[in-house]
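> build me a model:
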Amino acid sequence: MTDEQFIATAGGGILYDASRLSKPDEELFSRAHWASLGALEEIAGGRSSIAVLNVGAVRADSAGTRWVLRHYRRGGLIAKLSQDRYLWQGAARTRSFAEWRLLAELRRRGLPVPAPIAARYVRGLVTYRADLITELLPGARTLADAITGHDLPEAGWRAVGKTIGAFHREGVHHADLNANNILLADSQPEVYLLDFDRGRIEARGAWEQTVLARLKRSLDKIKGQRADLRFGDQQWQWLMAAAAD
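Have a look, this model is predicted:
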């Protein structure tokens, strides 16, 4: 169970799981700090790079532990005006705090998502910037990578659909479900969903088909970019049948 705690900072605040951290400070979210410890890796993702923090390299009690540090960045036309600042509407409505708390709730419900570690906001006059740290799921591959140059068996596609269906039965509306934020663990058919920025829990409805349609578009788009992507109508039918069960 997540032990939610809050600590105020000079420029904002940090929300964290006290069962995993003890009194975090701003350095926790500093890539320069982690780099100085020789514990920073960076991988491409989303609208900016995502930093992977090798916690096990600096904490004797955390061998093998790695976290993902994500800085929230805007997309679309508005990014030309501000790449990473959002309108301040209170701490609870910051992107980082909202996603941290949603992940904690999803884990409480037994849904497969990475554990939230810490979230931060840094205030300006009327805006804020935000960061989120979650656990890294070892050995997992994105759905996009898992079907590039390899056939995912029927059981794998059905596992993806079954997982999406489980989220929908709980009313979990993923705002941007695509083939890069579905993770397949080594121990298939275990499937995880990532990136719940702007996600929410609401009454079931037509939005479920919108979420699935977005996933289908992402698979079709990646298929157009990768000649060896193993995806077609049959695979989609397996996924949809399992999502509806």
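
> now A146. Nearest residue, chain neighbours left out?
L184 (4.9 Å; C-beta to C-beta, 6 or more residues apart in numbering). For every residue, glycine as well, the C-beta is placed using N, CA and C.

> just want the phi and psi numbers for the one you found.
phi -110, psi 120 (degrees, to the nearest 10).

> what about the helices in this structure?
Secondary structure of the chain (DSSP state H): helices at 31-36, 95-108, 143-146, 154-169, 207-225, 233-244.

> on that earlier part again, now do the contacts for the residue nearest to A146.
Each residue near L184 by C-beta atoms under 8 Å, 6 or more residues apart in numbering is listed here: A140, R141, T142, L143, A146, L152, G156, A159, V160, E190, V191.

> contacting residues around the fourth one?
By that I understand L143. L152, V160, A179, N180, I182, L183, L184 are the contacts of L143 under C-beta under 8 Å, 6+ apart.

> which one of those is nearest G232?
Among these, L152 lies closest to G232 (C-beta to C-beta), at 11.5 Å.

> that older thread, quick check: the two most widely separated of the contacts of L143?
Largest pairwise distance in the contacts of L143, by C-beta to C-beta, is 14.9 Å, between L152 and N180.

> these two: which has the busier surroundings?
L152 (20 against 17; other C-beta atoms under 10 Å).

> so H71 sits against Y121, correct?
No - between H71 and Y121 there is no contact under C-beta atoms under 8 Å: 11.6 Å.

> intersection of neighbour lists for these two?
In contact with both H71 and Y121: R129, A130, using C-beta under 8 Å, 6+ apart.

> which one of these two has more residues nearby?
Y121 (23 against 20).

> which residues does the more buried one bridge with?
G13, A130 (DSSP bridges).

> pLDDT score assigned to it?
Reading off the confidence values, Y121 has pLDDT 98.

> same question, S49
69.

> take the contacts of L143 and write them to JSON lines, including distance to A130.
Shown next, in JSON lines, are the contacts of L143 (distance: C-beta to C-beta, whole Å):
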{"residue": "L152", "distance to A130": "34"}
{"residue": "V160", "distance to A130": "29"}
{"residue": "A179", "distance to A130": "25"}
{"residue": "N180", "distance to A130": "21"}
{"residue": "I182", "distance to A130": "24"}
{"residue": "L183", "distance to A130": "23"}
{"residue": "L184", "distance to A130": "28"}
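
> my guess is L37 contacts V58, does it?
Yes - L37 is within contact range of V58, at 5.0 Å (criterion: C-beta under 8 Å).

> need the pLDDT of F97.
The predicted local confidence for F97 is 98.

> could you list every residue that touches it?
L15, A91, A119, Y121, A130.

> which strand residues sit across from the residue nearest to A146 in the sheet?
R141, V191.

> distance of it from P24?
31 Å (C-beta to C-beta, to the nearest Å).

> swap in I182?
Taking C-beta to C-beta, one finds I182 at 29 Å from P24.

> over to G11?
Counting by C-beta to C-beta, the gap from G11 to P24 is 14 Å.

> also Q235?
42 Å.

> surely Q83 touches G75?
No - if you go by C-beta under 8 Å, Q83 and G75 don't touch, sitting 9.6 Å apart.

> neighbour count: these two, which is higher?
Q83 (15 against 10).

> dump the residue contacts of the residue nearest to K162 when sequence neighbours are not counted.
Excluding its sequence neighbours, the residue lying closest to K162 (C-beta to C-beta, 6+ apart) is A242, at 4.5 Å. Taking C-beta under 8 Å, 6+ apart, we find A242 in contact with W157, R158, A159, V160, G161, K162, G165.

> pLDDT score assigned to the residue sitting nearest the centre point of the chain?
Among the residues of the chain, the one closest to the centroid is D195, at 2.6 Å (C-alpha atoms, centre = their mean). In this model, D195 is scored at 95, pLDDT.
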